[in-house]
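# A predicted structure for the sequence below; I have some questions about it.
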Amino acid sequence: MSKDARPKVGVGVVIHDGTGNIVMGERTGSHGAGTMQCPGGHLEFGESFADCAKREALEETGLEVGNVKFLVATNDIMGDEGGHYITIYVTCVIVGEEKVPQRLEPEKCAGWAWVPWPQMWEWAKKQAEAEDSGQEVEKKMFRPLVNLYRDYPGMEHCLKDL
């Protein structure tokens, strides 16, 4: 196996407001374009999950986050989209003055919005079920979020415990 054939590590940043809403946006310009995602990106060499989450949230949304906590990990083989990622999910809250996510990387995201966690969970569930039955869905989710649902279906209410 060549070095390039190894999985990459991504950090998915679940920014929540303490009332059950999370920051989500539509991917553009790379694998998974047209799907809904949370902020996040590649873990850099020597970087902690928390530092990666803080960096990616600030770079992508302009939001300063803290109270970063490990949530779960998924093994994401992208299939037709190419690539293999291990996605480390973390939760966090906004600690800075800015509370509205900004679209700072328009080549990567069409825009950010607050979405209720249960709504995201329902979208991921519908996509998983549609894929299992060969159907299409109206709202497409980024593969790691569908895998989050598939691997941890009981996490629908996990933000209530944070």
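Noted; the coordinates are in hand. Numbers count the residues shown, from 1 in each chain.
# how long is stretch 12-30 from one end to the other?
Stretch 12-30 has an end-to-end distance of 16 Å (C-alpha to C-alpha, to the nearest Å).
# for that stretch, which positions count as buried?
12-16, 20-28 (16 or more other C-beta atoms under 10 Å). From N, CA and C alone the C-beta is placed, and that goes for glycine too.
# Now the residue nearest the centre of the chain: phi and psi?
Nearest to the centroid of the C-alpha atoms of the chain, with distances taken as C-alpha atoms, centre = their mean, sits residue 38, at 3.3 Å. Per-residue torsions, residue 38: phi -100, psi 160 (degrees, to the nearest 10).
# Pretty sure residue 92 is one of the things residue 64 touches, is it not?
No - the criterion here is C-beta atoms under 8 Å, and residue 64 misses it with residue 92 at 9.9 Å.
# These two: which is more packed in?
Comparing residue 64 with residue 92 by other C-beta atoms under 10 Å, the one with more neighbours is residue 92, at 24 against 14.
# now the residue nearest to the centre of the chain: how far from residue 46?
23 Å (C-beta to C-beta, to the nearest Å).
# How about residue 153?
Taking C-beta to C-beta, one finds residue 153 at 34 Å from residue 46.
# If we ignore the residues flanking it in sequence, what's nearest residue 93?
Nearest non-adjacent residue to residue 93, counting by C-beta to C-beta, 6 or more residues apart in numbering: residue 67, 5.1 Å away.
# thinking the one you found is in contact with residue 54, fair?
No - under the criterion of C-beta under 8 Å, residue 67 makes no contact with residue 54, lying 10.6 Å away.
# Identify the contacts common to the two.
Common neighbours of residue 67 and residue 54, using C-beta atoms under 8 Å, 6 or more residues apart in numbering, are residue 92.
# Give the pairing partners of the longest strand anywhere in the chain; include direction for each.
Taking DSSP state E as the criterion, the chain has its longest strand at strand 65-77. Looking at strand 65-77 with DSSP bridges, its partner strands are strand 84-94 (antiparallel).
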